[in-house]
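Visitor: here's a sequence, model it:
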Amino acid sequence: MTAHVQSSAPALRFLAALLCVAVALACSGHSASAPALPPPPPPAAVTFSIDIQPTLLLPYCGSATSGCHGQSPLPQGFVRFDVSDTRNLRQCYDELKAYPLSLPGWEVVKPGDSAHSLLYDKLASGQENRQPVTGHPMPPNAQLDPRFVTLVRTWIDQGAPF
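Guide: All right, here's what the predicted structure looks like:
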């Protein structure tokens, strides 16, 4: 009986080693039968109508009491951020995206490119103590929470959806 146990020991060691290799392959993802993990979900979509205009642009920039971009009459060269009985949220969005600039390669909002979007540049300049590409950092009368600046960058880089 001792001879039988001794002769099966190498076979058991071989099976144990084989099992260890199979477990290692399965854990490392190299096994053909292991299911692939799904890709991480994309970041939540940021939209103008829900996240940007009502939580940032209107309260900090576009209301008649707290900002410059909702005053009547609006100073020349200012983009309007307010909504009224005669001006809806979609008009505000369309005007913001179509506002003409005389800076080659720049737009007020350049979908997919926050680095060349004047809105992001002005807001980020206020956080980073640097001069924006034109004019002054915004808003001049309030210190924005850095999360707002990140939200605007994310929105623009996601294509600036309505």
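Visitor: hey, where'd the helices end up in this structure?
Guide: Using DSSP state H, the helices of the chain run over 2-28, 89-98, 118-128, 146-157.
Visitor: tilt between the second one and helix 118-128?
Guide: Just to be clear, that refers to helix 89-98. Helix 89-98 and helix 118-128 meet at an angle of 80 degrees, taking axes from the mean of the first three to the mean of the last three C-alpha atoms, to 10 degrees as the criterion.
Visitor: so which elements touch helix 89-98?
Guide: Helices and strands touching helix 89-98, as assessed by 3 or more C-beta pairs under 8 Å, 6 or more residues apart in numbering; DSSP states H and E, are absent. To be clear about C-beta, it is placed using only N, CA and C from the backbone, and glycine gets the same treatment.
Visitor: show the average pLDDT along it.
Guide: In this model, helix 89-98 has a mean pLDDT of 91.
Visitor: show me what counts as buried in that helix.
Guide: The neighbour-count check on helix 89-98 (16 or more other C-beta atoms under 10 Å) flags 92, 93, 96, 97 as buried.
Visitor: what's the most distant pair in those residues?
Guide: By the measure C-beta to C-beta, 92 and 97 form the most distant pair in those, at 9.9 Å.
Visitor: output the below-cut-off pLDDT ranges for the protein.
Guide: 1-36, 39-43, 64-67, 141 (pLDDT under 70).
Visitor: go again with 80.
Guide: 1-43, 63-67, 71-77, 82, 84-86, 141-143 (pLDDT under 80).
Visitor: in stretch 102-119, what counts as buried?
Guide: So for stretch 102-119, counting by 16+ other C-beta under 10 Å, buried means 106, 107, 108, 109, 110, 113, 114, 116, 117, 118, 119.
Visitor: residue contacts, the closest residue to the third one other than its chain neighbours?
Guide: Counting by C-beta to C-beta, 6 or more residues apart in numbering, the nearest residue to residue 108 once its immediate chain neighbours are dropped is residue 99, at 4.5 Å. For residue 99, the contacting residues are 79, 107, 108, by C-beta atoms under 8 Å, 6 or more residues apart in numbering.
Visitor: nothing else from me, thank you.
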